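**Student:** only geometry, no sequence info:
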DNA sequence: CAGTATCCGATTGGATACTG
DNA sequence: CAGTATCCAATCGGATACTG
């Protein structure tokens, strides 16, 4: 068993071969890790959608938060916004190429979730059982 | 951390079948989407580590938040905790098999981040430029 | 229909002090 | 060294009301 000092030394030597680049993942999660972003990407993964359609699709998101979420996605270039000057106004949101490129990583995550949820819930149950006994 | 649970329930009631399973991704992000969890997994991806070593490795995390993060990871079965009754005490954290299985999905995300960060920052700069003009 | 502005309760998380 | 408890500032996000 290595001492913690040895571990730290190893980590330092390996810092250019980081198996999980924490910073990179952290930056992504800062953007998509919030309450609604992934839901929106999921909605738009099927094709362009209007504001209220997205809202109905997701369900439970407030008007305000959907606006903010879409604005962030737009500013990051993941979503494009097209406004038609009709009355009433019509605004369509659509994933950009960049946004679509995010679907695959999310699917990998979804697969992990579906495959491992039972194990996680089992672990959680065991953990709570111990705390109660 | 259990913020979008209500949303997940609603989506479940709607029986949508998505290319991106929002419920599943949402559940994962509820767990790993916070500020520190991925950092801890990244630290432990190289091997067992003691509390203060993790803290130094991550840098910027408070004592309190590291404790909470580790406790959550432990309760989900992603991390194991081993305490040695020595003086001073020694506690080692290590990724479980389940925790290690999460590394690959995170690497996919990290790869996406590294590959697309320039595009995202460019988009953000363009967006801000428009808002200013 | 889409978007903005304001208010305010709820949650987050750092700082600090204390314990075994 | 590792962990817990308390306090409190900052942020988040829903509700509501208003505009083009």
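**Tutor:** Structure's in. What do you need? Because the structure is a prediction, the values reported are computed rather than measured. Numbering: from 1, shown residues only, chains lettered A, B, ... in the order given.

**Student:** Pull out the buried positions in the lengthiest helix in chain A.
**Tutor:** Using DSSP state H to define each element, chain A has its longest helix at helix A:103-132. Within helix A:103-132, the residues that count as buried by 16 or more other C-beta atoms under 10 Å in any protein chain shown are A:103, A:105-110, A:112-113, A:116, A:119-120, A:123, A:127. All C-beta atoms are positioned from the backbone trio N, CA, C, and that covers glycine.

**Student:** tell me the angle of that helix relative to helix B:103-132?
**Tutor:** Angle, helix A:103-132 to helix B:103-132, by axes from the mean of the first three to the mean of the last three C-alpha atoms, to 10 degrees: 120 degrees.

**Student:** Just the closest of the buried residues of helix A:103-132 to residue A:45, please.
**Tutor:** Nearest to residue A:45 among those is residue A:103, at 5.5 Å by C-beta to C-beta.

**Student:** How about the residue most central in space within chain A, nearest residue that isn't a chain neighbour?
**Tutor:** By C-alpha atoms, centre = their mean, chain A has its centre lying nearest to residue A:32, at 3.6 Å. Nearest non-adjacent residue to residue A:32, counting by C-beta to C-beta, 6 or more residues apart in numbering or on different chains: residue A:38, 5.7 Å away.

**Student:** same deal with residue A:107?
**Tutor:** Of all residues not flanking residue A:107 in the chain, residue B:20 sits nearest, at 6.1 Å (C-beta to C-beta, 6+ apart).

**Student:** Tell me the secondary structure of that neighbour, please.
**Tutor:** The three-state label given to residue B:20 by DSSP: H, G, I helix; E, B strand; the rest coil is coil.

**Student:** Give me the neighbour count for it.
**Tutor:** Using other C-beta atoms under 10 Å in any protein chain shown, residue B:20 has 22 neighbouring residues.

**Student:** now swap in the one 3 residues further on and tell me
**Tutor:** By other C-beta under 10 Å, the residues close to residue B:23 number 23.

**Student:** And residue A:80, which helix or strand is it part of?
**Tutor:** Element membership of residue A:80, judged by DSSP states H and E, is strand A:79-84.

**Student:** residues of that strand that come out buried?
**Tutor:** Neighbour-count burial for strand A:79-84 flags A:79, A:80 (criterion: 16+ other C-beta under 10 Å).

**Student:** Tell me who's in contact with the nearest residue to residue A:99 once chain neighbours are set aside.
**Tutor:** Nearest non-adjacent residue to residue A:99, counting by C-beta to C-beta, 6+ apart: residue A:78, 3.7 Å away. Neighbour list for residue A:78: A:41, A:95, A:96, A:98, A:99, A:102, B:120, B:123 [criterion: C-beta atoms under 8 Å, 6 or more residues apart in numbering or on different chains].

**Student:** Verify the stated contact: the first one with residue A:104.
**Tutor:** Same thing as residue A:41. No. Using C-beta atoms under 8 Å, residue A:41 is not in contact with residue A:104; the gap is 11.6 Å.

**Student:** Can you say which of the contacts of residue A:78 are buried?
**Tutor:** Buried by 16+ other C-beta under 10 Å: A:41, A:95, A:96, A:98, A:99, A:102, B:120, B:123, out of the contacts of residue A:78.
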